[in-house]
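A.B. asks: What shape does this take:
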Amino acid sequence: MTQDFSGVPEEADILWYRLYRWTHIWGYAETLLLDTIARPMANNYPRPPQGPPPNDNGDHQPQPSRESERMRLEREEHRVARAQRSAVARKFEQAVYYLVGALELLLALRFLLRLTGANPENTFAQVIYGLSNSFVNPFSTLFVSPTFNGNQNIFDINLLVAMVSYLVLMALLIWLVRIIESR
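C.D. replies: Below is the predicted model of the structure:
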């Protein structure tokens, strides 16, 4: 038997407890109920009058001049053009991120294959080496890479330099695009 501090019968305590548990189990039931009640009431408030305010005579103020309307349209056209440039720049940045990310993944796979001493005659290794050769060749004789296990496992420092170089080039390109876009 539960303790009853309010003097209410035990059946009422059980009902209140069930209601309490239900609202906490479903979490936002109370919020939904309050939103349902409050939302229609918000639409009952009067809205401010639309259009230009009347002057001292009770007449409405005259429409804006052609010059001010032309300036407003020019500002709007400038804003739209800037938004379009910004959207194109964002798409270009996304394309650069995607392409350099794919290149970095390809170079990382090549690095892992060389480090683990993968069989260069394997089809997968041949595809990775074939795709990445043109990106690695400018860096291929920069350093002498250390080898392990009888020249099977190669820690290719040149490949790591290539990966860092392509990341730096990507950062510079993105920086340039952002400078051009901000003008």
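A.B. asks: Run through this protein and note the low-pLDDT ranges.
C.D. replies: Scanning the chain for pLDDT under 70 picks out the ranges 1-64.
A.B. asks: Strands of that one, start to end?
C.D. replies: For the chain, the strands defined by DSSP state E cover 147-148, 153-154.
A.B. asks: Ranking these by mean neighbour count, which comes first?
C.D. replies: Stretch with highest mean neighbour count among the strands of the chain: strand 153-154 (a mean of 16; mean count of other Cβ atoms under 10 Å). The way it works is simple: take the backbone N, C-alpha and C, and place the C-beta from them, glycine included.
A.B. asks: That one packs against which elements?
C.D. replies: Packing contacts for strand 153-154, counted by 3 or more Cβ pairs under 8 Å, 6 or more residues apart in numbering; DSSP states H and E, involve helix 66-115, strand 147-148.
A.B. asks: Adjacent strands (with direction) for that strand?
C.D. replies: Listed by DSSP bridges, the sheet partners of strand 153-154 and their directions read strand 147-148 (antiparallel).
A.B. asks: Check what contacts the strand it pairs with and list those residues.
C.D. replies: 153-155 (Cβ atoms under 8 Å, 6 or more residues apart in numbering).
A.B. asks: circling back to that earlier point, mind checking the helices and strands packed on strand 153-154 for the one nearest to Asn137?
C.D. replies: helix 66-115 (12.1 Å; Cβ to Cβ).
A.B. asks: Let me have the helices and strands packed on strand 153-154 in CSV, extended by distance to Ile128.
C.D. replies: Listed next are the helices and strands packed on strand 153-154 as CSV, based on distance: least, Cβ to Cβ, whole Å:
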stretch, distance to Ile128
helix 66-115, 5
strand 147-148, 19
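A.B. asks: just so I know, which of the ones you listed lies nearest Trp175?
C.D. replies: Among the helices and strands packed on strand 153-154, helix 66-115 sits nearest to Trp175 (Cβ to Cβ), with 10.3 Å.
A.B. asks: what's that closest one packed up against?
C.D. replies: For helix 66-115, the packing partners by 3+ Cβ pairs under 8 Å, 6+ apart come out as helix 123-136, strand 153-154, helix 157-182.
A.B. asks: if we can go back for a sec, show me the one of the helices and strands packed on strand 153-154 that comes nearest Phe139.
C.D. replies: The closest of those to Phe139 is helix 66-115. By Cβ to Cβ, the value is 10.1 Å.
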